[in-house]
Every structure is written in structure tokens, then in C-alpha cells.
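J.: Sequence plus predicted model, see below.
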Amino acid sequence: MLFFPLPFLTAFFLIFVIIQLARYIGRGLDWVVLLTVSGFALQSVLLGISWGFQDMPKLPLISLAIALPPLTWLSLNELAGRVGRHGRTAIFILLVTLIVVNATAFLLGNDDIVDALPILTYLVFGGHLIWSGMHLDLDWMASRPLQSLIPTQRAYLVAGTILLISAGVDVMVALDIRLNDSQISPALVGYSNLTFLLALIVVFFTRHDTAAAPPRPQPSTPQTQTHSQEDETSAESILAKLDQEMETNHLYRNESLSLNEIARKIRVPARQVSSAVNTLRAMNVPKYVNTFRIRDACRILEETDMPVTEVIFAVGFTTKSNFNREFQRVTGLNPSEWRSRACSATEPRPQKDAVRVQERASES
């Protein structure tokens, strides 16, 4: 039958992805990512066995199905630098809770909850990933492990779409089992895996021009040292242009600013821009841009009575949470504390150089 080998082919391709990602262990790749991809590979194997050879115990398949959407969400946010220790803990608590609730419903024979909870999990996390890919200020640094395979924003959109499609397939399979005694369920599973496999192949082999692995370091020789000095000079020149663009034209106020747009503005390849910022300021491009935004926000908070909610958008941020996190990172205070200290007659005025890009870069 046509559907039989497809889950296994998907599993083999996911193993290939795992091998590719394994190259980045120790270079920023979190173990949650490998766990998530391995979970999808295991799910494909179990589906192939269940629909191709013999029925598998239902509880392990359901538990795995519930675990994968939260793990997918966590993996992408880990790679994009958008989740901390508390966020990871919350996701794991939620994951365990969902699995326990579903296992209890399964043991009690409540098929409605057993069928509905995995579908709901796919819908919620898939929808949130798509929303994140369309609205959030995602990291767009070329050296991130995720960027070596697929641009971050595209990864969010693709992962969210796959989760939503999986939810739709699960709905159709559940209805087919109840109404038609599983007459078309094997074909649904097979063709959905074929779609999933083709999507993965297109995504990972159609790479963005900035999605390439960083070059391996070469042994140092007099010639390479000369090139290194030239590269440093070039990086300083690039950063000087970029600093001027930020200072003079307030490029950072553009809410939809991207690495490619910065590169076009100063007429320098995106990879060189990213490398210059990373080398000379010891931070990625989003943090570099956000530091200018925070400096501007500090000025506005000190000199005007503009509400904080308006300051957020005036300096180029799109979300309050991102603004607060970056403000705390750069200044060590929250916006209200900064304004209070600036206006206080009894406390020394906060030093503006606390948020100067040049000096704060080495602390980030």
C-alpha cells in the first residue's frame, strides 16, 4: 500500500536533520532541539509500525503527540533567544500536566478528552507559532544554529503550519475511526506524512542567502594574520557607517527593521554587517539595534512625560515584553525606576553613558 513506507521515510529524513544539528552541539544548540526532532522521528516510526504492521498501544502515541507541540514551541524560542529558565520550566510543567490529564482520561475510558486534548494542543501551539512568526521581533543573526538551516521567521511559520495541518489530520482520523471504522485513516496518515516530508525537503534544501554555517577556523599564518587585520579594519569601517546611520537617521526606530534592510541601507552584505557587530561589539545585531532604542527611550523618559506605552513604539519596539526585557538588560532598571531616579531631587541623575552602545556592548 502507498502509505506504508512514508512515515519511515519521514523518520529517515528527520534523522538526517538530527545529524546536521548535532554539528552545533557546544556552539549554542540546546538539547531540547535534538529532543524535539528525535520525538518527531520516533512518532513517524511508531505511526509506520501502527498503520503498517500492527496496532500499537494507544497511550504512548497520544502522550508523544501531546508532548511534541510544546517541545516544538520551546525549541524554536530557545534558538531565537526568546525564552529563559522560567519559561522553560513553565512549558515542562504544562507538558507533564497535559500528559497526566490525558493518561487519566484514557484509563477512565473518556475517549472525548483523549481525542480532543492532542488536537487542542496542536491548534494552540501551532497558532501561536504562526502569530509569533508574523508579529514578533525575532532574532535574525546569521550565526545562530537555526539560521544555518532555515531563517528564523520562516521556521516559526513552517512549524506552526505543520502543527495546524497535523491537528486537521487528527480530526479527520478521529471522525473516520468513529464513523467509518478507519476506512480512510491509513491513507490520511500516509499522505499527511508525504506532505510533511515534502515540506521538510523544500524548507531545508531551499536555503536563504544568509542561512549558511559559519566557516571553520583556519590555522594562523602571516598571510591569514594580514587578512585578519584587513578584516578588522573593514569591520570598523562597516560599524562606523552603521553607527552613523543609527545616530543621524534613527534607523532603529523602524519597527520592521531587519538585517537585510540594514545591509541595503549601508550598502554592505548582510553577513559582513552581522560579523562586524558580533566581532567589535560582542553582541548580535538585534541587541545592537535594541541598545540604540533603549538609549533613545531613556532620553525620552528623562526629558518628557510621554507614557511608557507610547515610548515603546516611538523608539521602534513592537511589544512591551521585549521592551521591558531589553531595558532591564541595558540599564539594570525598569522604565518607571529610570524615570523616577531621573526626576528625583534626592538621588543622583542616572548617567546617560550607562546605556551608551560602545560601553555597554562589552557587558552584554
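T.: Cool, got the structure.

J.: make it CA atoms for all contacts and neighbour counts henceforth
T.: Noted.

J.: what mean pLDDT does stretch 124-141 have?
T.: Taken as a whole, stretch 124-141 has an average pLDDT of 74.

J.: the domain parsing of the chain - what is it?
T.: 6-205, 231-361 (automatic domain parsing).

J.: Could you give the separation of the first one from the chain centroid?
T.: Read that as domain 6-205. In terms of CA atoms, centre = their mean, to the nearest Å, the centre of domain 6-205 is found 15 Å from the chain centre.

J.: Straight-line length of stretch 277-293, end to end?
T.: 16 Å (CA to CA, to the nearest Å).

J.: Enumerate the positions of it that are buried.
T.: By neighbour count, with 16 or more other CA atoms under 10 Å as the criterion, the buried positions of stretch 277-293 are 277-278, 281-293.

J.: one step back: rank the domains of the chain by pLDDT, which is bottom?
T.: domain 6-205 (a mean of 77).

J.: Mind exporting the C-alpha coordinates of stretch 59-75 to CSV?
T.: Provided in CSV are the C-alpha atoms of stretch 59-75 (Å, rounded to 0.1, in the frame of the first residue of the first chain):
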residue,chain,number,x,y,z
LEU,A,59,-1.3,5.7,25.2
PRO,A,60,2.4,6.2,24.1
LEU,A,61,1.3,7.6,20.8
ILE,A,62,-1.1,10.0,22.4
SER,A,63,1.4,11.1,25.0
LEU,A,64,4.0,11.7,22.3
ALA,A,65,1.5,13.7,20.3
ILE,A,66,0.8,15.9,23.2
ALA,A,67,4.4,16.5,24.0
LEU,A,68,5.6,17.5,20.6
PRO,A,69,3.8,20.9,20.1
PRO,A,70,5.1,22.4,23.4
LEU,A,71,8.6,21.0,22.7
THR,A,72,8.5,22.5,19.2
TRP,A,73,7.5,25.9,20.6
LEU,A,74,10.2,25.7,23.3
SER,A,75,12.9,24.6,20.7
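
J.: in the stretch 1-150 of the chain, which spans are strands?
T.: Read by DSSP state E, counting those that start in this stretch, the stretch 1-150 of the chain holds no strands at all.

J.: What is the neighbour count of residue 329?
T.: 18 (other CA atoms under 10 Å).

J.: what do you get for residue 79?
T.: 20.

J.: ok, it to residue 258 distance?
T.: With distances taken as CA to CA, residue 79 is found 18 Å from residue 258.

J.: mind listing what's buried in stretch 239-250?
T.: For stretch 239-250, by 16+ other CA under 10 Å, it's 239, 241-243, 245-246, 250.

J.: I meant stretch 45-63, not that one.
T.: The neighbour-count check on stretch 45-63 (16+ other CA under 10 Å) flags 45-52, 61-63 as buried.

J.: Mind checking which of these are in helices?
T.: Members of those lying in helices (criterion: DSSP state H): 45-52, 61-63.

J.: So which of these is the closest to residue 266?
T.: residue 45 (49.3 Å; CA to CA).

J.: tell me the contacts of the closest one?
T.: Contacts here follow CA atoms under 8 Å, 6 or more residues apart in numbering; on that basis residue 45 touches 7-8, 11.

J.: now swap in residue 257 and tell me
T.: Residue 257 neighbours (CA under 8 Å, 6+ apart): residue 251.

J.: So it: helix, strand or coil?
T.: coil (DSSP: H, G, I helix; E, B strand; the rest coil).

J.: So what does it look like in phi/psi?
T.: With angles defined as degrees, to the nearest 10, residue 257 sits at phi -60, psi 140.

J.: how close does it get to residue 272?
T.: On the measure of CA to CA, residue 257 and residue 272 end up 17 Å apart.

J.: likewise residue 32?
T.: Distance from residue 32 to residue 272, by CA to CA: 30 Å.

J.: ditto for residue 41
T.: Taking CA to CA, one finds residue 41 at 36 Å from residue 272.

J.: Ok, residue 112 next?
T.: From residue 112 to residue 272 the distance is 55 Å (CA to CA).

J.: Other residues contacting stretch 259-268?
T.: Counting by CA under 8 Å, 6+ apart, 140-141, 238, 241-242, 245, 269-270, 273-274, 285 sit against stretch 259-268.
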